[in-house]
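Undergrad: After the sequence you'll find the predicted model.
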Amino acid sequence: MYENLSSTLVYQCHKYHNLKSSNSGILSKKHQAAVKELLQNQSILLSRPDKGAGWVLMDKCDYISKLETLLSDETKFQCLSKDRDQTKQTELKIINLLKDLKNRNLLPPTQFERLTPCGSQPPRLYGLPKVHKPNLPIRPVIDMSSSPYHAVAQWLVSVHNQPESRL
């Protein structure tokens with residue numbers, strides 16, 4: 001039962017993330033034009049709320065300052081380096097670990113191919129406004145779907161959820 005849950009959840013998340021707004025079918029052409037105009041305005045941000053459906057319209061400077069405040073909390077986030085993106089190095093470390101597992105016959109070649117990261121992107125941080133709270137605080141979300149860790153993390157969850165799991 002649980003082995004399919006993680007892959008189903010990931011699939012649904014990708015599906016939801018790639019969907020266009022379902023509201024466009026009920027909006028008139030006038031409203032659709034107004035939304036397009038709002039999206040072109042660089043001083044505002046159009047986002048989805050952290051709970052429920054709909055759109056949230058925020059001042060972009062306010063959104064950025066709230067995210068910067070979150071990032072400045074050293075108990076939750078730590079600045080590792082300002083200039084370097086370590087995605088490629090992380091990708092290479094994961095590839096070398098997977099090669100080692102394959103060479104020791106702990107990982108089948110087909111699994112190795114599926115888990116090997118290629119063309120990864122750094123994880124992306126964004127915030128969803130909490131519309132049910134005063135002053136619209138931001139809930140941070142880290143999108144790891146295109147990171148080097150994504151395929152391996154999915155696989156580990158599936159292995160963990162199997163009875164008597166082992167590599």
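TA: Looks like it arrived, so ask away.
Undergrad: Which residue ranges of the chain form helices?
TA: 2-18, 29-40, 60-71, 87-103, 109-115, 150-161 (DSSP state H).
Undergrad: which helices and strands does the last one pack with?
TA: Helices and strands touching helix 150-161, as assessed by 3 or more C-beta pairs under 8 Å, 6 or more residues apart in numbering; DSSP states H and E, comprise helix 2-18, helix 109-115. Placement of C-beta: from N, CA and C, glycine included.
Undergrad: Skipping adjacent residues, who's closest to Gln51 in space?
TA: To be clear, residue 51 is Lys; Gln isn't right here. For Lys51, ignoring the flanking residues on the chain, the nearest one in space by C-beta to C-beta, 6 or more residues apart in numbering is His132 at 6.2 Å.
Undergrad: how far away is that neighbour from Pro140?
TA: 17 Å (C-beta to C-beta, to the nearest Å).
Undergrad: Burial check on Pro117, number of neighbours?
TA: Pro117: 21 surrounding residues under other C-beta atoms under 10 Å.
Undergrad: Repeat that for Gln42.
TA: Neighbour count for Gln42, taken as other C-beta under 10 Å: 7.
Undergrad: Please apply the same query to Asp59.
TA: 12.
Undergrad: The one residue sitting closest to the centre of the chain and Lys93: what is the separation?
TA: Taking C-alpha atoms, centre = their mean, the centroid of the chain lies closest to Asp143, which sits 1.5 Å from it. Per C-beta to C-beta, Asp143 is found 21 Å from Lys93.
Undergrad: Okay then, goodbye and thanks.
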